[in-house]
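Novice: Kindly generate the corresponding structure for this input.
(chains A, B, C and D, ligands or ions: 2)
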Amino acid sequence: MATDLLACTHRGDFPVLDQKVNGSPLVYLDNAASTQHPACVIDEIARYYREDHANVHRGIHALSSRATKLYEDARACAARFLGADSNDSIIFTRGTTEGINLVASSWGTEHLGPGDIILITEMEHHANLIPWQMAARRTGATLQYLPVHGDEGIIDWSLLDRRFKGSPVRLLAFTHVSNSLGCINPVSQICAEARRNGVITLVDAAQSAGHAPVNVQELGCDFLVFSGHKCCGPTGIGVLYGNPELLADLAPYQFGGEMISSVTYESAQWKSGPHRFEAGTPHIAGAVGLATALDYLDKIGRPAIQTSDHHLGRLAYERLSTLPGMRILGPKTERAGIVSFQLGTIHAHDLVAYADQFGIAMRGGHHCNQPLMRKLGLHATARASFYFYNTESEIDRLVDVLHRASRYFGV
Amino acid sequence: MATDLLACTHRGDFPVLDQKVNGSPLVYLDNAASTQHPACVIDEIARYYREDHANVHRGIHALSSRATKLYEDARACAARFLGADSNDSIIFTRGTTEGINLVASSWGTEHLGPGDIILITEMEHHANLIPWQMAARRTGATLQYLPVHGDEGIIDWSLLDRRFKGSPVRLLAFTHVSNSLGCINPVSQICAEARRNGVITLVDAAQSAGHAPVNVQELGCDFLVFSGHKCCGPTGIGVLYGNPELLADLAPYQFGGEMISSVTYESAQWKSGPHRFEAGTPHIAGAVGLATALDYLDKIGRPAIQTSDHHLGRLAYERLSTLPGMRILGPKTERAGIVSFQLGTIHAHDLVAYADQFGIAMRGGHHCNQPLMRKLGLHATARASFYFYNTESEIDRLVDVLHRASRYFGV
Amino acid sequence: MEIDELYQTIILDHSKRPRNFGELPAPARKGEGYNPSCGDEIAVFVGESSSGTIEQIKFTGQACAICMASTSLMTIQVKGKSIAEALALKRTFIDFLMQEAAPATGLGNLQALGGVKKFPQRLKCATLGWHALEGAFKGRM
Amino acid sequence: MEIDELYQTIILDHSKRPRNFGELPAPARKGEGYNPSCGDEIAVFVGESSSGTIEQIKFTGQACAICMASTSLMTIQVKGKSIAEALALKRTFIDFLMQEAAPATGLGNLQALGGVKKFPQRLKCATLGWHALEGAFKGRM
Ligand SMILES: Cc1ncc(COP(=O)(O)O)c(C=O)c1O
Ligand SMILES: Cc1ncc(COP(=O)(O)O)c(C=O)c1O
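Specialist: Ligands and ions are numbered 1, 2, ... in the order given. Presented below is the predicted three-dimensional model:
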């Protein structure tokens, strides 16, 4: 029960969890898709709109100064959260997807050409795959994949050096934690290897930033992206960290107000710093709410959250394994709190719909990992994903309901 | 006093307005930059996070179904708000700026080439100017401007036909209401003229969608964009309306989850409909809050809001005109509730900082109209912009403070 | 429980033992349905008589119980019908699922899918086979 | 009122009648400062003596009262100083505006800009002329 400690003290912070779904208390196990929000985040968003809202940057009046300060303080908060040296290395985006699109577009267009290789893994989320397909198509570069082996989802990272040495790899983009396998990739070793070989790295931290300590200095990455809504923050906001040297001469991504230093009818010049990448009125309330969320997580402590995640993930793996006909993806140990599985011949949609009748919220589908699913011979899996507010007894309820489902669908 | 009717009944809906700034009651006259939020919008955002949040689209469980329904209902609401035939013609964006960037990128790349002309006006906001400069540079098309005459900001729209006939204009992008001149462009005549000549139109409705009836069928435009935060809605959300025929074969803008129909390691296929343009997790709470805002506005009635706006704009023009050394931009009559001005030799920053000391919130600067300002021989203006919660007596307070400022800065 | 309305006995039966499962060789017509949100795929094969009625019908695919059962029941229900009749039945079926008081005329066992009304997220599952059928009428293998 | 701390009498005076306003011909050095958020522009012209001190200094531009006064007062304060001394004064001035208890050594009348501490949005206005001055040391006209 020790690991319910975080749920004991913090579950009450989340109003949404205190409800019944189809007559049963909600068991929210869809955290890899989106996490829930503590009252402090919801309240701060409302407080912002009730007291301080105005457009940022251009304003001198009191509300605008307050909004600008909150927005830039949020940037500083995100920089602290990621251990970034400079606030200027933090760009606010809509989320992970936009962050990767920005890099693939701005960095890709300038630094990729025919013959160049973009290297990603076979376990990437569509967000870290399709933008590179398109960048390859646009620039003439080639997209290559590091293969994933077996249901455990093993990548032989020791081959990386040979990959780098043998061909002109320009960029390595990969996920920290797989959203369908639950495996954890050794980011700092990978980035060190890449840096030694002059390869730029992008880390998709969508599934890790809110779940474990993530420090860009220690990881040694060039770009890192995550989404607010996957770490207790608002929807519509995310962060792109960029190594300041790379950002310095990166072309803007969108064009409009707040990102220019001077405009004539003939041409325009860009601002320096992160504002160059934030054209138009930003999601101010989103940044403000995100800062509250990041501070909230760090008050709990990301090492504690990580321990809780890993514990719940391992426990779920163990208990689900006892079900007849159970096939679980990802590693047995050293796993994050994300457990995808196939139960006998029951289709994931049926399983998820059935579980929902008992108040259990899971995902069923390809989890935006379609090519990986196809490679593993699957169409879809059910996925239970945990956060620190989940409890061991919720895992027991899940196991119980899966047993019932097996009987119901007559596996 | 008749036109304070809306403020009488609705000012109380806006919590932020009930505060003192520097010891005086807040007079918020910065609505062209961003409007404020009625309690119903703030409460709905909070309610969403407290009761219904989950990721959309992919989910079967109860919260996800509710979130998906709210998100798609918001799309239907935006379609109603704009009089669009089909919900599929509504794409959620971060705001006006992103909407224009999307069109300039997706539509521009496919439909523009060397020799083609993009036509815009000299009064466009940077958001409707720089994306076209960039599209022209990328595609080899030429960017041309319809000239603006004098401080009144007159465009001779009767020349449009000749412009269309004489040269291969492909697209006309223009603002409905100028954010620094306050003039109102005759959108439906312009679009009819364009349609007769096979020219695609994009209407920047950032300053009009929340201020007057805006119906895409009646206007006859191909694309129309606006921002939530300029019409009582949340930050980080906006709408791009696209003529369904044009959207049908438009390439996606960003790439990732939720916009694909099928992905392999080699290539990807796109979904049809608006989701093709909404890669990644969208700003769900933003869409939900925006729908509440749009319904709120339509409950008040946009014709009534328009009347109030025009009345306050005209009144402000008249009363400000009485100040010695006053130079006001934009037309005398037929104007929106946006009044930019230069008072003697007082720099806009000084004026705005001074007014702030009396609780009056205005903007000072080039209002993202730098080339227009330069053309008019100005660096910056002060701008008072109104919404239906403003009152006539607030205009009196503004005039009073400007008199004091004249004495203070010794004009 | 509500879930039993969705998964009625006949649905569970047809999903586990789908009728008319398999392929038809050319020159039978083939149509495909694909659901991007879950990866489900259905292929429907139709062999017509000289008079234009559906003489033979089979299907293959990987899909959830609702989709499998709906497609299986569909094959039974449309066999022997003309293309026009089959398409009319498709319309009736979709209206039955989407509209409150739509008639169920001619649906037979397909009425067992009425539980989907309370699960609008599953509408796509229940209709995927029907879209594949319509596709089969459009293209020859 | 707080506003009077920002616009002290000496500031209003210098903004209305800026000292050392105008251009210097080449070979004087010219530096420019530009504030994108308001469009303000300042150009500073510096003529050095053979020993490297600032012998002549003038400025032109379009800017707000804070910026005009700060630049005007700057020209008075740096005249006769070496480049190193002028840059040190710039540092002292910026620290004075940004840090709570920073010393005002050598600032003279520039201390009148202390009101900016309470108006951080105006920091850019108060320092624009100084950035132009630093620019002048970098490029020859
Ligand atoms: C006419 C006009 N167009 C575009 C914009 C840009 O809107 P946003 O910053 O919300 O993208 C604005 C607002 O600043 C505007 O007034
Ligand atoms: C690993 C990974 N990358 C990227 C994404 C996309 O994030 P978003 O939808 O917030 O842009 C997700 C979430 O779905 C994810 O799990």
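Novice: wait, what's in contact with residue A:18?
Specialist: With contacts defined as CB atoms under 8 Å, 6 or more residues apart in numbering or on different chains, residue A:18 is in contact with A:12, A:26. Glycine gets a C-beta too; all of them are placed from N, C-alpha and C.
Novice: so the most centrally placed residue in chain C is in which element?
Specialist: Within chain C, the residue whose C-alpha comes closest to the C-alpha centroid is residue C:71; the distance, by CA atoms, centre = their mean, is 3.1 Å. Counting by DSSP states H and E, the element that carries residue C:71 is helix C:65-78.
Novice: Can you find the helix or strand of the chain with the lowest average pLDDT?
Specialist: This is for chain A. Across the helices and strands of chain A, the lowest-confidence element by mean pLDDT, DSSP states H and E is strand A:260-263, at a mean of 88.
Novice: Name the surrounding residues that touch the next helix or strand after that strand.
Specialist: The C-terminal neighbour of strand A:260-263 among helices and strands, as given by DSSP H and E, is strand A:268-270. By CB under 8 Å, 6+ apart, the residues outside strand A:268-270 that reach it are A:252, A:255, A:259-263, A:276, B:126, B:130, B:133.
Novice: switch to 7 Å and redo it
Specialist: Among residues not part of strand A:268-270, those counted as contacts by CB atoms under 7 Å, 6 or more residues apart in numbering or on different chains are A:252, A:259-262, A:276, B:130, B:133.
Novice: can you map out the strands along chain C?
Specialist: C:29-35, C:40-48, C:54-62 (DSSP state E).
Novice: that older thread, near chain D, which of the contacts of strand A:268-270 show up?
Specialist: Residues shared between the contacts of strand A:268-270 and the neighbourhood of chain D are A:260-262 [CB under 7 Å from any CB of the partner chain].
Novice: just curious, which of the residues you listed is nearest to chain C?
Specialist: Set against chain C, the nearest of those by CB to the nearest CB is residue A:260 (38.9 Å).
Novice: ok, so what distance separates residue A:373 from chain C?
Specialist: Taken as CB to the nearest CB, to the nearest Å, the spacing of residue A:373 relative to chain C amounts to 7 Å.
Novice: ok, now which ones touch that residue?
Specialist: When contacts are counted by CB under 7 Å, 6+ apart, residue A:373 is found next to A:366, A:379-380, C:39.
Novice: any idea which element it lies in?
Specialist: Counting by DSSP H and E, the secondary-structure element that holds residue A:373 is helix A:370-375.
Novice: For the very next helix or strand once past that helix, what does the pLDDT average out to?
Specialist: Past helix A:370-375, heading to the C-terminal end, the next element that is a helix or strand (DSSP H and E) is strand A:381-385. The average pLDDT for strand A:381-385 rounds to 97.
Novice: what distance separates whatever helix or strand comes next after strand A:381-385 from the middle of the whole chain?
Specialist: Sequence order places helix A:392-408 as the next helix or strand after strand A:381-385, per DSSP H and E. Its chain's average C-alpha position is 28 Å from that of helix A:392-408, according to CA atoms, centre = their mean, to the nearest Å.
Novice: Pull out the CA atoms of helix A:392-408 and give them to me as CSV.
Specialist: As requested, C-alpha coordinates have been extracted for helix A:392-408 and formatted as CSV (Å, rounded to 0.1, in the frame of the first residue of the first chain):
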residue,chain,number,x,y,z
GLU,A,392,-3.5,-0.3,-6.3
SER,A,393,-7.1,-1.1,-5.7
GLU,A,394,-8.0,0.5,-9.1
ILE,A,395,-5.8,-2.1,-10.6
ASP,A,396,-7.7,-4.8,-8.8
ARG,A,397,-10.9,-3.4,-10.1
LEU,A,398,-9.5,-3.5,-13.6
VAL,A,399,-8.4,-7.1,-13.3
ASP,A,400,-11.8,-8.0,-11.9
VAL,A,401,-13.6,-6.4,-14.8
LEU,A,402,-11.3,-8.0,-17.3
HIS,A,403,-12.1,-11.4,-15.8
ARG,A,404,-15.8,-10.6,-16.2
ALA,A,405,-15.2,-9.5,-19.8
SER,A,406,-13.5,-12.8,-20.6
ARG,A,407,-16.5,-14.6,-19.4
TYR,A,408,-18.9,-12.2,-21.1
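Novice: Kind regards, and thank you for your time.
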